[in-house]
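Participant: just to be clear, the model below is a prediction. Sequence and coordinates:
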Amino acid sequence: MSENTGYKAPIWFWVVAVLGLLWELMGVGSYLYHVTLSPEGLAALPQGQRDLMNATPVWVTAAFAIAVFSGLAGGLGLVLRRRWARPLLVLSVVAAILQFGWVFLVFRAHETLGPSSAAFPAFIIVMGVFLAWFAGHATKRGWLR
């Protein structure tokens, strides 16, 4: 079937879906590192990062968990070609915005860690928005069922 009639996803869909799943797995890895960091590991971090980790409220860590695990489920949904991927990817973006909103608007990490500290979180948000958009696009094309 052609790309316009749906059902059979093109090769580039699979490339994006698998890369998206790998991206989401890296997020889970980052979360697991964050929540399992030993006191010795924390002590080895630069002072600004220690301050951030020590000041982070439980709800921000929960937002982090929601962001990465809903993102992982959404990424898996893309690979499995399921429509439920999009709402999970949207939830992931919302949770990441809440998490980074606290980090930069309340804690003001850019003042402690430097302005470049906002670059990777911004990239994370952009990737999340892209994957949510991609899932919507794939649904409209009939590639997700």
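Facilitator: In hand now; what should we look at? Numbers count the residues shown, from 1 in each chain.

Participant: secondary structure element for residue 53, which one?
Facilitator: Following DSSP states H and E, one finds residue 53 within helix 47-55.

Participant: buried sites along that helix?
Facilitator: Of the residues in helix 47-55, residue 52 count as buried by neighbour count, 16 or more other C-beta atoms under 10 Å. For every residue, glycine as well, the C-beta is placed using N, CA and C.

Participant: state the next helix or strand along the chain beyond that helix.
Facilitator: helix 58-79.

Participant: helices or strands next to that next one in the packing?
Facilitator: Packing partners of helix 58-79 (3 or more C-beta pairs under 8 Å, 6 or more residues apart in numbering; DSSP states H and E): helix 11-36, helix 85-101, helix 119-141.

Participant: residue 60: which of these is closest?
Facilitator: helix 85-101 (5.5 Å; C-beta to C-beta).

Participant: any idea of the pLDDT on residue 36?
Facilitator: Looking at residue 36, its pLDDT is 97.

Participant: let me fix that, I meant to ask about residue 65.
Facilitator: 98.

Participant: having no further points to raise, I will conclude here.
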